[in-house]
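# just need the structure, nothing else, for what follows:
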Amino acid sequence: MHPGVRDGSDQLPQVLAFYLPQFHPVPENDAWHGRGFTEWTAVVASKPLFPRHRQPNLPGELGFYDLRVPETRYLQARLAQEHGISGFLYYHYWFSGRRMLGRPFQEVLESGQPDFPFALCWANESWFRRWQGSTDEMLLEQVFSEEDDLDHIRWLIEAFRDPRYIRVNGRPLLAVYRAHHLPNPSRTVALWRRECEAAGVAPPWLVMFETSEDVREPGELGFDASAEFVPHLLSSVVKTPPQRFGLEGMHLSYDYEEVASAYLDRPAVPWQRYPCVATGWDNAPRRQSGEAFLLRDASPDGYGRWLAEATRRQMTRSGGDGIVFINAWNEWSEGAYLEPDIAQGRALLEATKDVLGKIMSVSTDARLVEPIDSRPTPVADLYQDLYDQFVALQQISSGFLSYTDRRINETQRRYEGMVAAAQDDVHKIAALNQVMADQLEQQANQLRDLGVSSPSARWWMANR
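Sure, this is the predicted structure:
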């Protein structure tokens, strides 16, 4: 087993942060939302919806990163490991064999870097032009079939074989975002288990997120456990109605501390339910025109208290299969992130480290081994070697380019003026020609009235 992966034998819960891969452009998003679209596009365009509303939330030390860059993925993993996070739960988008936004995880899988534990969450819902279940225009439909279940598990098995893959009771953890969307979940689970057995791989430890008001026992669907997914089910979990704000009350908010208490006070269930702790929530970047939703007054201290209590309770469970999910590592356009921002820096990460260090005595001194060669291609190597030279050349040339651009603009404006003057002259000449043509026509009519068909020059002079 990979040294960084715990399978529950030490009785300590694993703390896993949701990881969003939508920080790199893909052709589909270019076509649907405009060229270069990534999660950052919505983040930077966000504006406050009410006084003292902190928007936009902007990244701190990691900057506006691109997840195609291996160094970025390494720095994320190092930050997470240094602050007590057990691993990342990558969102996995599978549409009948078509994987969306899959490049970052695929490169993690193929390169073996960063050397940091991970698991997958199948986000098994259709995509619409607007996020979070809005049904205005479908972009990509989620279609289920037995044949696709087979193709899917065969792809997943290759990920399960990775020594970094997180296991529970010796089985690879696989979460399903909306298990109730599966048309025949028991059939799907049975097929997956048979295929894993045939491949010599332990069947997945299946976790269904509680995203439907109809919370069912996971065993009814063939799953092993359920898990909360904050902020789903708030209307039934929190007793106090939300506050409405904005024009005609189009936006909603709940108090963060009240939400934390409500989730911690949920009645016990006779099955394994994993808690989810939200760092915050504010999806204003995705809902500027209406229906924004936020947890107001979220803070690192409040998050730390929620995480501490959820972790303590998981430690008391028998079997050593405890998990605490954190929403999220990098959901920037929903205001749920652990990564440093420009307003609070590493405050959320430091709160995580403090809590886990005190409760679980988790050591965060060990550092990830830096990749021997994190640059993926010879072209990238060449680019890195020439980068400093390029910067120096750019500094030298920028003044000249600025001067040249200014002179070109001045020349362009001058010739545009000359062209405009010439066009004005053409219009004047055309007008004079029209006047002359009208006068000649009048004189020709007069000649016809006088019966003169071909007057001489002397006649013209005498009659003017």
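
# low-confidence stretches in the stretch 251-400 of the chain?
Counting by pLDDT under 70, the stretch 251-400 of the chain contains low-confidence residues at 318-320, 362-367, 369, 372-400.

# in stretch 221-230, what counts as buried?
Leu221, Gly222, Phe223, Asp224, Ala225, Ser226, Ala227, Glu228, Phe229, Val230 (16 or more other Cβ atoms under 10 Å). Backbone N, C-alpha and C define where each C-beta goes, glycine included.

# so of those, which ones are in strands?
Among these, the members found in strands (DSSP state E) are Ala225, Ser226, Ala227.

# ok, the spatially closest residue to the first one that is not a sequence neighbour - contacts?
The one in question is Ala225. Closest residue to Ala225 apart from its sequence neighbours, by Cβ to Cβ, 6 or more residues apart in numbering: Gln272 at 3.9 Å. When contacts are counted by Cβ atoms under 8 Å, 6 or more residues apart in numbering, Gln272 touches Pro218, Asp224, Ala225, Ser226, Arg317, Gly319, Asp321.

# residues contacting the fifth one?
The neighbourhood of Arg317, defined by Cβ under 8 Å, 6+ apart, consists of Pro13, Gln272.

# please, which helix or strand holds it?
Counting by DSSP states H and E, there is no helix or strand that carries Arg317.

# one step back: quick one: which of the ones in strands among the buried residues of stretch 221-230 is nearest to Val69?
Ala227 (30.7 Å; Cβ to Cβ).

# and the closest one, bridged to which residues?
Phe209, Tyr274 (DSSP bridges).

# what do you get for Leu16?
Gly87, Phe325.

# circling back: and which of the buried residues of stretch 221-230 is nearest Arg52?
Val230 (23.3 Å).

# leaving out sequence neighbours, find the closest residue to the closest one.
Using Cβ to Cβ, 6+ apart, the closest residue to Val230 is Ala278 (4.1 Å).

# follow-up on the earlier one: reformat the contacts of Gln272 as CSV; add distance to Val189.
Formatted as CSV, the contacts of Gln272 follow (distance: Cβ to Cβ, whole Å):
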residue, distance to Val189
Pro218, 10
Asp224, 10
Ala225, 13
Ser226, 14
Arg317, 23
Gly319, 20
Asp321, 18
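
# out of those, which comes closest to Leu139?
Nearest member of the contacts of Gln272 to Leu139, counting by Cβ to Cβ, is Ser226, at 28.8 Å.

# list the contacts for the closest one?
Ser226 touches Val207, Met208, Phe209, Glu210, Val215, Glu217, Pro218, Val269, Trp271, Gln272, Arg273, Tyr274, counting by Cβ under 8 Å, 6+ apart.

# between these, which sits nearest His83?
Tyr274 (20.1 Å).

# for the closest one, grab the count of nearby residues.
Tyr274: 25 surrounding residues under other Cβ atoms under 10 Å.

# was I right to think it contacts Gly322?
Yes. Assessed by Cβ atoms under 8 Å, Tyr274 is found in contact with Gly322 at 7.4 Å.

# shared neighbours of the two, which are they?
Gln314.

# quick one: Gly280 from Thr316, how far?
Using Cβ to Cβ, to the nearest Å, Gly280 is found at 27 Å from Thr316.

# more neighbours, the two?
Gly280 (23 against 9).

# ramachandran angles for the more buried one?
The phi and psi values for Gly280, taken as degrees, to the nearest 10, are phi 170, psi -180.

# show me what contacts it?
Tyr256, Leu295, Ala298, Tyr303, Gly335, Ala336, Tyr337 are the contacts of Gly280 under Cβ under 8 Å, 6+ apart.

# excluding covalently adjacent residues, which one is nearest to it?
Ala298 (3.6 Å).

# so what's the residue count around the one you found?
Ala298 has 23 nearby residues by other Cβ under 10 Å.

# same check on the one 5 residues further on?
Tyr303: 23 surrounding residues under other Cβ under 10 Å.

# can I take it that it is in a strand?
No. Read with DSSP: H, G, I helix; E, B strand; the rest coil, Tyr303 is helix and lies in no strand.

# now the residue nearest to it when sequence neighbours are not counted: phi and psi?
Leaving aside its chain neighbours, Tyr303 sits nearest to Thr279 (5.3 Å; criterion: Cβ to Cβ, 6+ apart). Backbone torsions of Thr279, given as degrees, to the nearest 10, read phi -70, psi -20.

# now do the contacts for the residue nearest to Val230.
Val230, Pro231, Val259, Leu295, Ala298, Tyr303, Trp306, Ile326, Asn327, Ala336 are the contacts of Ala278 under Cβ under 8 Å, 6+ apart.

# how about 10 Å then?
228-231, 256, 259-260, 263, 295, 298, 303, 306-307, 325-328, 331, 334-336 (Cβ atoms under 10 Å, 6 or more residues apart in numbering).

# next, it: phi, psi?
Per degrees, to the nearest 10, the backbone of Ala278 is at phi -100, psi 130.

# how distant is stretch 193-213 from the center of its chain?
Offset of stretch 193-213 from its chain centre (Cα atoms, centre = their mean, to the nearest Å): 26 Å.

# could you list the buried residues of it?
With the criterion 16+ other Cβ under 10 Å, stretch 193-213 contains buried residues 193, 195-196, 201, 203-211.

# can you check stretch 287-296 too?
Using 16+ other Cβ under 10 Å as the test for burial, stretch 287-296 gives Arg287, Ala292, Phe293, Leu294, Leu295, Arg296.

# since that was my last question, I'll sign off now.
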